[in-house]
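Chemist: from the sequence below, what's the structure:
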Amino acid sequence: MPRAVNSVASRARRKRVLKQAKGFFGRRKNVWTVAKNAVEKAMAYSYRDRKQKKRNFRALWIMRINAGARLHGMSYSQFIGKVKANGIELNRKVLADLAANHPEAFTAIVNQVK
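Modeler: So this is what the prediction gives:
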């Protein structure tokens with residue numbers, strides 16, 4: 001008796017992976033073995049970079065706050081320390097937005113903590 005290999009499930013799995021590889025360049029989009037490896041790598045990168053995106057944004061916010069604080073003669077460390085000591089409940093995302101887009105509001109915060 002011939003061996004049954006469940007080609008329905010195999011084809012569905014291949015179709016799913018090839019659908020995920022849509023938009024890739026060259027053979028990565030339509031050759032099963034190449035596409036499978038490309039999609040696997042892409043999934044690993046996407047998992048890693050969801051975490052890395054948070055780190056990158058925090059670093060950007062810190063740079064913006066530091067630039068804004070230095071215009072007023074303070075370092076980032078001094079500024080954040082005084083913000084915490086004065087009980088101002090603004091996170092780095094909001095402080096960075098104020099420093100970049102609303103300098104008068106950021107100046108008011110700096111004057112309040114000095």
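Chemist: for the rest of this, base every contact and every neighbour count on C-alpha atoms.
Modeler: OK.
Chemist: Ile88 in helix, strand or coil?
Modeler: Recorded secondary structure, Ile88: coil (DSSP: H, G, I helix; E, B strand; the rest coil).
Chemist: phi, psi of it?
Modeler: With angles defined as degrees, to the nearest 10, Ile88 shows backbone torsions of phi -80, psi 120.
Chemist: ok, the residue nearest the centre of the chain - contacts?
Modeler: Closest to where the C-alpha atoms of the chain average out (C-alpha atoms, centre = their mean) is Lys53, at 1.8 Å. Listed by C-alpha atoms under 8 Å, 6 or more residues apart in numbering, the contact set of Lys53 is empty.
Chemist: swap in Thr33?
Modeler: By C-alpha under 8 Å, 6+ apart, Thr33 lies in contact with nothing.
Chemist: helix or strand: which one has it?
Modeler: Element membership for Thr33 (DSSP states H and E) is helix 32-70.
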